[in-house]
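Trainee: the following block contains a protein sequence and its predicted model.
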Amino acid sequence: MTSQPTDSPAPAPSLTEVEPYGVERIPDAERTATPFDLFRVAFGGANTFSTCVLGAFPILFGLSFWQGLAATVLGVLAGALILCPMAVFGPANGTNNAVSSSAHLGVHGRVVGSFLSLLTAVAFFSISVWSSGDALVGGAHRLFGLGRGTLSYVVAYALFAGLVLAVCVYGFRFMLFVNKIAVTSATVLFLLGAVAFGGDFDPSYAGTFTASADAATQAMFWPSFIGAALIVLSNPVSFGAFLGDWSRYIPADAPRRRVVGAAFLSQLATLLPFVFGLATASIIATKAPKYVDPAAPDFVGGLLAISPSWFFLPVCLLALIGGMSTGTTALYGTGLDFSSVFPRLSRVRATLLVGVVSIAFIFVGRFALDLVQSISTFATMIITCTTPWMVVMILGFFTRRGWYDPDALQVFNRRQRGGRYWFTHGWNWRGMTAWWVSALLGVLFTDIPGQFVGPLGDLANGVDISLPLSLAVAAVLYLALLWLFPEPRAAYGPQGARWVPTKEAPVPPITEAPTLTTV
């Protein structure tokens, strides 16, 4: 009997067939996605109503339209540049980015990526359910007179979260199908929104920081500008832990420049929903200012208040389609990764577990906490914790010349020990140290006025320097540690290391980990 060649194309599975793969390496025959598919998933996950909510933050922070636009463009460009190199790990290794991080943080250190993906999934799954649920309830109230009580919101959140969970359980191809629809339909609805609000839009909206503002207000301009840019930047950076979940289906021989370009362009394209949120927030601030009151902002309610009646249904469709896209891209990867962290959980069970935890946070954040404060704090944590991890990954990729040992990357998932990436008892303290030191400094120096201020946030006269500080510290410290304490030569490919020295050291054999018995 002959076996099918590994490079033979496999028949395309049905959309309703539950994805069988966890974080193990995707077989070459089934890696049929393209860089354009990566663009559609990444853009579809951000071309949503949730991104509009983030786009409103510059106005909530008191900026004018043009100041807010500058902060938005800065945040998107900086975030896209930081994010796009993270797309190369999926095609190179056929697995997600958390697993790929084993090469730089160690077999056990890869759990850092799992933690970051959980943090991001909870934040953006929650934002999608909050914003979409609020829009659906508000639209139903305006169209059908549905009450806007707590029960209506609870039902809307629960139903919407359940739909997102169902898509994530079926897996990547169903998610890709949803995003194919979302990219086109959401774009059309945003353009339709430009018609709906075009007559009311005034780009001369001045914001709080006018020439007549007092000195104390003027002094808050740069902190507010940088804080708004960081909120925007959190959106592209949030994809850092997830890009490998989708790009792992791209063949290894796909041109890297096209893969990186797809990730970069997917974030540039998000200027569409960001600017929509910014422009409509400026209209709300002019026509219905109570909805942008910093004490109790309500962008969704304000959007519905200024919408012409014929646009209520499109708003509801935008909330439904876009929220599905954001929710699935956030939740799918985390469920995928946690199935390897907890071996008793399949991908489906891990997805359900993370979804239940996220739903609990949704209700607590919506009904027991300050919603804007919750979003801002989580966005801040995403930037300060994820960006240094991405720096370590990207520099590690260049020092390794893009070479990885696929078998050694799977040691943790197979509950084994040893291999090229075992380092010190499963931890690569070089990468781990660079990550936690820079992440901690980022948290300490964070200063988002009225939202989140770290213990050292006031040392820069109210300007948030957390991102450039954590980026610089992560890069310098990681490369310094690689120079002072070289990694084993075996961790690098046939061509050896780039930029850094290595040392000769034996590779511990891959063995089965001891089995713990319970009474």
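Mentor: That came through, no problem.
Trainee: in the chain, where's the longest helix?
Mentor: Determined from DSSP state H, the single longest helix within the chain is helix 111-144.
Trainee: and the next element down the chain from that helix?
Mentor: Going down the chain from helix 111-144, the next helix or strand is helix 150-170, by DSSP states H and E.
Trainee: T210 belongs to a strand, doesn't it?
Mentor: No - read with DSSP: H, G, I helix; E, B strand; the rest coil, T210 is coil and lies in no strand.
Trainee: what is the neighbour count of it?
Mentor: 11 (other C-beta atoms under 10 Å). (C-beta placed from N, C-alpha, C; glycine too.)
Trainee: angles on the backbone of it, please.
Mentor: T210 has phi and psi values of phi -90, psi 170 when expressed as degrees, to the nearest 10.
Trainee: and it, how far from T280?
Mentor: 21 Å (C-beta to C-beta, to the nearest Å).
Trainee: what's the angle between the longest helix of the chain and helix 150-170?
Mentor: Using axes from the mean of the first three to the mean of the last three C-alpha atoms, to 10 degrees, the inter-axis angle of helix 111-144 relative to helix 150-170 is 130 degrees.
Trainee: so what's the gap between helix 111-144 and the chain middle?
Mentor: When C-alpha coordinates are averaged (C-alpha atoms, centre = their mean, to the nearest Å), helix 111-144 and its chain have centres 13 Å apart.
Trainee: what residues are up against T51?
Mentor: 235, 270, 273-274, 277, 322, 326 (C-beta atoms under 8 Å, 6 or more residues apart in numbering).
Trainee: for V154, state which of those is nearest.
Mentor: For the contacts of T51, the residue nearest V154 by C-beta to C-beta is T326; the value is 20.3 Å.
Trainee: list the contacts of the residue nearest to the closest one when sequence neighbours are not counted.
Mentor: Closest residue in space to T326, ignoring its immediate chain neighbours: S128 at 3.9 Å, by C-beta to C-beta, 6 or more residues apart in numbering. With contacts defined as C-beta under 8 Å, 6+ apart, the neighbours of S128 are 48-50, 164, 322-324, 326-327, 330.
Trainee: now rank those by neighbours and give me the top one.
Mentor: F49 (33 neighbours).
Trainee: do you know how far the nearest residue to that one once chain neighbours are set aside is from S131?
Mentor: Once flanking residues are discounted, F49 sits nearest to G322: 4.3 Å by C-beta to C-beta, 6+ apart. With distances taken as C-beta to C-beta, G322 is found 9 Å from S131.
Trainee: equivalent analysis for A211, please.
Mentor: From A211 across to S131, the span is 34 Å (C-beta to C-beta).
Trainee: which of those two has more residues huddled nearby?
Mentor: Set A211 next to S131 and count neighbours by other C-beta under 10 Å: S131 wins out with 27 against 6.
Trainee: just checking, that one touches G323?
Mentor: Yes - judged on C-beta atoms under 8 Å, S131 makes contact with G323 at a distance of 6.7 Å.
Trainee: joint contacts of the two?
Mentor: With C-beta under 8 Å, 6+ apart as the test, S131 and G323 both reach 49-50.
Trainee: strands of the stretch 401-519 of the chain, start to end?
Mentor: With DSSP state E, counting those that start in this stretch as the criterion, the stretch 401-519 of the chain has strands at 416-417, 447-448, 452-453, 487-488, 502-503, 511-512.
Trainee: how close does the residue nearest the centre of the chain sit to S438?
Mentor: Residue closest to the average C-alpha location in the chain (C-alpha atoms, centre = their mean): S238, at 2.2 Å. Between S238 and S438 the computed distance is 18 Å (C-beta to C-beta).
Trainee: now G199
Mentor: For G199, the distance to S438 - C-beta to C-beta - is 48 Å.
Trainee: between the two, who's got more neighbours?
Mentor: Between G199 and S438, counted using other C-beta under 10 Å, the more crowded position is S438 (27 against 8).
Trainee: that one against W389, yeah?
Mentor: No - if you go by C-beta under 8 Å, S438 and W389 don't touch, sitting 9.0 Å apart.
Trainee: could you check the pLDDT of the nearest residue to the residue nearest to the centre of the chain once chain neighbours are set aside?
Mentor: Closest residue to S238 apart from its sequence neighbours, by C-beta to C-beta, 6+ apart: T120 at 4.7 Å. You'll see T120 listed with a pLDDT of 79.
Trainee: T120 touches D245, doesn't it?
Mentor: No - the pair T120 / D245 is not scored as a contact, 11.5 Å apart, by C-beta under 8 Å.
Trainee: for D37, see how far away E30 is.
Mentor: For E30, the distance to D37 - C-beta to C-beta - is 13 Å.
Trainee: give me the common contacts of these two.
Mentor: Y249.
Trainee: so for the two, which sits in the more crowded spot?
Mentor: Neighbour count, other C-beta under 10 Å: between E30 and D37, D37 has more, with 19 against 16.
Trainee: name the helices or strands packed onto the strand or helix carrying the more buried one?
Mentor: Per DSSP H and E: D37 is located in helix 35-44. Using 3 or more C-beta pairs under 8 Å, 6 or more residues apart in numbering; DSSP states H and E, the elements in contact with helix 35-44 are helix 172-197, helix 243-247, helix 256-268, helix 312-341.
Trainee: tell me the SS of I394?
Mentor: helix.
Trainee: so what's the residue count around the closest residue to it other than its chain neighbours?
Mentor: Among residues not flanking I394 along the chain, P85 sits closest, at 4.7 Å (C-beta to C-beta, 6+ apart). Using other C-beta under 10 Å, the number of residues around P85 comes to 22.
Trainee: mind pulling up the pLDDT for P85?
Mentor: We note a pLDDT of 96 for P85 in this prediction.
Trainee: name the helix or strand for V356, please.
Mentor: With DSSP H and E as criterion, V356 is part of helix 347-367.
Trainee: okay, the angle between that helix and helix 150-170?
Mentor: 160 degrees.
Trainee: who does helix 347-367 touch, helix- and strand-wise?
Mentor: Helix 347-367 is packed against helix 111-144, helix 150-170, helix 312-341, with contacts defined by 3+ C-beta pairs under 8 Å, 6+ apart.
Trainee: now those helices in a markdown table, with distance to A98?
Mentor: Formatted as a markdown table, these follow (distance: least, C-beta to C-beta, whole Å):
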| stretch | distance to A98 |
| --- | --- |
| helix 111-144 | 3 |
| helix 150-170 | 17 |
| helix 312-341 | 5 |
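Trainee: tell me the most buried of those helices?
Mentor: Mean neighbour count (mean count of other C-beta atoms under 10 Å) peaks for helix 312-341 among the helices and strands packed on helix 347-367, with a mean of 26.
Trainee: where does the residue nearest to the centre of the chain fall, phi/psi-wise?
Mentor: Taking degrees, to the nearest 10, you get phi -60, psi -20 for the backbone angles of S238.
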